Each structure stands twice: as C-alpha cells, then as structure tokens.
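**Q** need coordinates for the following:
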Amino acid sequence: RMWIKGWIPYEECYRIPLIVRWPGRIQPGTKCDHLVQLQDLAHTYVEAAGAKPMPYPDGRSLVRLFENPQRSDWSDDILCAYYGGEFLYTQRIAINRRYKYVFNSFDFDELYDLEADPAELHNVAGVASYRAQADDMRARLYALMNRFEDPFGDVQARNSTGEPPNRYGAARYLPRGKRL
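**A** Numbering: from 1, shown residues only. Reported below is the predicted structural model:
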C-alpha cells in the first residue's frame, strides 16, 4: 500500500512517529499520544528560539505539548492533503484518534473507524449507523480547511452551461459551509 505514497490515505502513509530530544525541557523516555502535523515543527522551532510567533495558520507550536504531554485541551484533529501531483487527483483528509474522513474529488468519500477497523478495509461513509460520525468528520474537515486557509474549499466548479457538476461528473469539489 506504499506505492507512490502521497495519494494513498492509509495510516501507514500519514501516521509517522515524531521523536524529539530537548535536554533540560523534555525528560528522556517521555511519551505523548496526541496527533501533530509536520507543519507544527516550524512554529515549534520559532517559539523554542524565543522569536516572534509566525502569522501563518498552518500549524501550532508543540512547546505546550512538550511541557505537558497528557494535556486534555490539545485538539487531535489534523488535516492532510494531496494536491494531485501524479494523477491530478485531489484529496483532503480529516483525522482524529477514532475516525478518518477522506474527501476524494473524483470518487466516493471514505470514512474509517480506526478502532473497529485499524487496517482501513471497510469504508463506512455510506453505512446508516455511521451517518452522524460522517457528518461530524465532514464538518471537522471544513473547519480545518478554514483554519488552514485551504483554497480548495473555495473552488466552485462549473460546467460549460454554468451549472455545478453533478456527483459523478468530471470533477467534484468540496463545498464550504453548511451541508444542506
């Protein structure tokens, strides 16, 4: 499942360990199970250096998490994105500890219950008993895209007649705002 890696939304591709050593600030052997993003590292380095915080919304400093790895106010919602480099196939992915929601621009969306199905073999996005979770994760995805100022959420595709494409058209774009 690692072939070309970027557009395959499985845990083996997106969940990688972060190992940090900071003598005097982080005790050796400290473990933290919170989810973080690579974008967080730049904000962390800036804060650790005592510099002025960066104005960019694409990450957050991990220093608070290093100080208290068990903190309960840390959001574990993260955004992953694939921009279509190899296949012109765009994805946006919201992940938290329990669920992963994958928006596929040219295909059906996916929802995985990472506790019940850690191998991500069963897409439950269309399963009635998971409807609330799918709606919640979609809303979290929109919120993350807004937080990170992701321009993909603003794209509104139109066909030659000026109408939005249908679900199975040449492209499907993620709308911002409330789901009707």
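
**Q** from here on, just use CA atoms for contacts and neighbour counts.
**A** Fine.

**Q** can you pull the contacts of Pro69?
**A** Thr30, Lys31, Cys32, Asp33, His34 (Cα atoms under 8 Å, 6 or more residues apart in numbering).

**Q** neighbours of the third one, just the number please.
**A** Looking back up the chat, that one is Cys32. Taking other Cα atoms under 10 Å as the criterion, the count of residues near Cys32 is 13.

**Q** for Leu41, see how far away it is.
**A** The spacing between Cys32 and Leu41, counted by Cα to Cα, to the nearest Å, is 15 Å.

**Q** ok, now the first one?
**A** Thr30 sits 18 Å away from Leu41 when distances are taken as Cα to Cα.

**Q** give me the more crowded residue out of those two.
**A** In this view Thr30 and Leu41 are compared by other Cα under 10 Å, and Leu41 has more residues nearby, 16 against 12.

**Q** so the more buried one is in which element?
**A** Applying DSSP states H and E as the criterion places Leu41 in helix 40-48.

**Q** same question for that helix, mean pLDDT?
**A** Helix 40-48 carries an average pLDDT of 93.

**Q** right, and the helix or strand after it?
**A** According to DSSP H and E, the helix or strand after helix 40-48 is helix 63-67.

**Q** now that next one: buried residues?
**A** In terms of neighbour count (16 or more other Cα atoms under 10 Å), helix 63-67 has its buried residues at Val63, Leu65, Phe66.

**Q** can you count the residues close to the closest residue to the last one other than its chain neighbours?
**A** Meaning Phe66. Nearest residue to Phe66, sequence neighbours excluded (Cα to Cα, 6 or more residues apart in numbering): Ile26, at 6.4 Å. By other Cα under 10 Å, the residues close to Ile26 number 16.

**Q** I'd guessed Ile26 sits against Glu67; true?
**A** Yes: using Cα atoms under 8 Å, Ile26 is in contact with Glu67, at 7.1 Å.

**Q** what's the separation between the residue nearest to Asp77 when sequence neighbours are not counted and Tyr45?
**A** Excluding the flanking residues, the one nearest Asp77 by Cα to Cα, 6+ apart is Asn96, at 4.7 Å. From Asn96 across to Tyr45, the span is 24 Å (Cα to Cα).
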